[in-house]
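Participant: need coordinates for the following:
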Amino acid sequence: MDYKTGENGWTKAKAATPLLAGDVVRTQENSFAIVKFLENSVLRVQEKSEVTISGEIAKGEFSKNVYLQRGEVGFQVKKRPNEKFEFSTPTSVASIRGTGGLLIAGQDSNDVLILGSGLVDFKNLISNIILKVKGGQTAFSMSDGSIKVEDSSPEDKRLLHQGSADSSKSEGSNQGGSKTDSSTSTSGITLGLTLSAPIGKEGQDLAVTVEISQASITIDSLKNSVSDFSLYYRPKTEQPYKIIKVKLTDRSTKFTIPASDVSAPNIQVYAEIKLQDGSQFSSPAASPESNPIIFAVQSAQKNELRIPFTDPGGKRKTMVIEYK
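Facilitator: Sure thing, here's the model as predicted:
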């Protein structure tokens, strides 16, 4: 990966290189770059791509723009209040409302937006036509000014998974963020669970928050129905899980993993809720014990962050970022 600032020439980027507003990032064949914003939004700049990162504050609103000159960029945006986050190409603008997807600046200025979750206003700059794109849909913005939206095809979903800025999450891992699962019991009750945690520090308590993000019954009714609410965790794959049990009292519950059990490079967790009728919900929803959520933990010896990823050839690798 290379980057340049202002009128300066291209420079080879090192791990954890800070970027300024207006900096340009490019990738070559068989390479990619991960760009992380302070609020934890993440970009995955695919091979043979070039993007310009911009930001400014105007009238109390922080405006960010990622301009994709060519190539593909996967994104997972965590939009904050009073913030505007846009992706643009020579042909299109995508206004993001907190979502994940893949934007492709194709040949002849024909753009493709594949949305995994959330909602996007997608605008064709030639005709000024704006269409709303929802999670599970693909939009096409053409150089003749036309624009259309349709349900994502299996091939679109494959491209989205391959190029996602958050692809590690879909495989059950998470680097200081959140993971959501929903499922329905045989009694017809639906629950959605979201797990989140900051990047942990070795030898310090780690707070994992489990939120009831979706429920087909009221929280008060759910409280009376829950027989067991547990967080399972382990520092290493070969170790048995330890359990923290609490009483469900609110929509959001914090579990504290003790410092003695928090060690680098990560910690594996899953949450489970059991109802009195025997129904059971977990996050991840499928095989949580063998497919846990993984939260990153910084080493006490040095500031280090390990990010698992899949390279363009499909191989699993780990990026190690050291910083001061």
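Participant: for the closest residue to T91 other than its chain neighbours, phi and psi?
Facilitator: Once flanking residues are discounted, T91 sits nearest to S109: 4.3 Å by Cβ to Cβ, 6 or more residues apart in numbering. Yep, even glycine has a C-beta here, placed from its N, CA and C like the rest. Per-residue torsions, S109: phi 60, psi 30 (degrees, to the nearest 10).
Participant: go on, the one 4 residues further on?
Facilitator: When quoted as degrees, to the nearest 10, the phi and psi of L113 stand at phi -120, psi 120.
Participant: so it sits right up against T138, yeah?
Facilitator: Yes - applying Cβ atoms under 8 Å, one finds L113 in contact with T138, separated by 6.9 Å.
Participant: ok so, going back, spit out the contact partners of the residue nearest to T91.
Facilitator: Residues near S109 by Cβ atoms under 8 Å, 6 or more residues apart in numbering: T89, P90, T91, M142, S143.
Participant: parallel or antiparallel, list what pairs with the helix or strand where K148 lies.
Facilitator: Per DSSP states H and E: K148 is located in strand 147-151. Sheet pairing for strand 147-151, assigned by DSSP bridges, gives strand 137-141 (antiparallel).
Participant: I'd like the distance between T194 and I219.
Facilitator: 14 Å (Cβ to Cβ, to the nearest Å).
Participant: of these two, who's got more company?
Facilitator: Per other Cβ atoms under 10 Å, whichever of T194 and I219 has more neighbours is T194, with 18 against 12.
Participant: in a strand, that one, correct?
Facilitator: Yes - counting by DSSP: H, G, I helix; E, B strand; the rest coil, T194 falls inside a strand.
Participant: is it bridged to anything, and to what?
Facilitator: With DSSP bridges as the rule, T194 is bridged to T180, E211.
Participant: that one and V45, how far apart?
Facilitator: From T194 across to V45, the span is 27 Å (Cβ to Cβ).
Participant: and for K148?
Facilitator: Taken as Cβ to Cβ, the span from K148 to V45 is 26 Å.
Participant: K245 too?
Facilitator: K245 sits at a distance of 43 Å from V45 (criterion: Cβ to Cβ).
Participant: so which of those two has more stuff around it?
Facilitator: Set K245 next to V45 and count neighbours by other Cβ under 10 Å: V45 wins out with 27 against 10.
Participant: how about the more buried one, what does it touch?
Facilitator: So V45 contacts M1, V25, R26, T27, F32, A33, I34, V35, V51, G71, E72, V73 (Cβ under 8 Å, 6+ apart).
Participant: swap in 7 Å and give it another go.
Facilitator: V25, T27, F32, A33, V35, V51, V73 (Cβ atoms under 7 Å, 6 or more residues apart in numbering).
Participant: neighbours of the residue nearest to G118 when sequence neighbours are not counted, how many?
Facilitator: The shortest distance from G118 to any non-neighbouring residue, by Cβ to Cβ, 6+ apart, is to T99 (2.3 Å). Other residues near T99 come to 21 when the count uses other Cβ under 10 Å.
Participant: for this protein, which residues score under the pLDDT cut-off?
Facilitator: 15-16, 38-39, 57-61, 79-81, 107, 163-188, 301-312, 317-324 (pLDDT under 70).
Participant: got the domain ranges for it?
Facilitator: 2-165, 172-322 (automatic domain parsing).
Participant: for Y3, which residues are in contact?
Facilitator: T11, A13, T17, L19, D23, V24, V25.
Participant: biggest strand in the chain, by residue count?
Facilitator: Longest strand in the chain by number of residues (criterion: DSSP state E): strand 61-76.
Participant: just checking: what are the partner strands of it?
Facilitator: Strand pairing for strand 61-76, determined by DSSP bridges: strand 42-45 (antiparallel), strand 50-58 (antiparallel), strand 83-88 (parallel), strand 100-105 (antiparallel).
Participant: buried deepest among those, which one?
Facilitator: Highest mean neighbour count among the strands paired with strand 61-76 (mean count of other Cβ atoms under 10 Å): strand 100-105, with a mean of 26.
Participant: that one: how far from the chain's middle?
Facilitator: 13 Å (Cα atoms, centre = their mean, to the nearest Å).
Participant: and if you look at stretch 73-84?
Facilitator: Worked out by Cα atoms, centre = their mean, stretch 73-84 lies 10 Å from the chain centre.
Participant: that stretch: end-to-end distance?
Facilitator: 18 Å (Cα to Cα, to the nearest Å).
Participant: buried residues in that stretch?
Facilitator: Within stretch 73-84, the residues that count as buried by 16 or more other Cβ atoms under 10 Å are V73, G74, F75, Q76, V77, K78, K79, E83.
Participant: need the max-distance pair from these.
Facilitator: G74 and E83 (20.0 Å; Cβ to Cβ).
Participant: any idea where the helices of the stretch 201-324 of the chain begin and end?
Facilitator: Secondary structure of the stretch 201-324 of the chain, counting by DSSP state H, counting those that start in this stretch: helices at 219-225.
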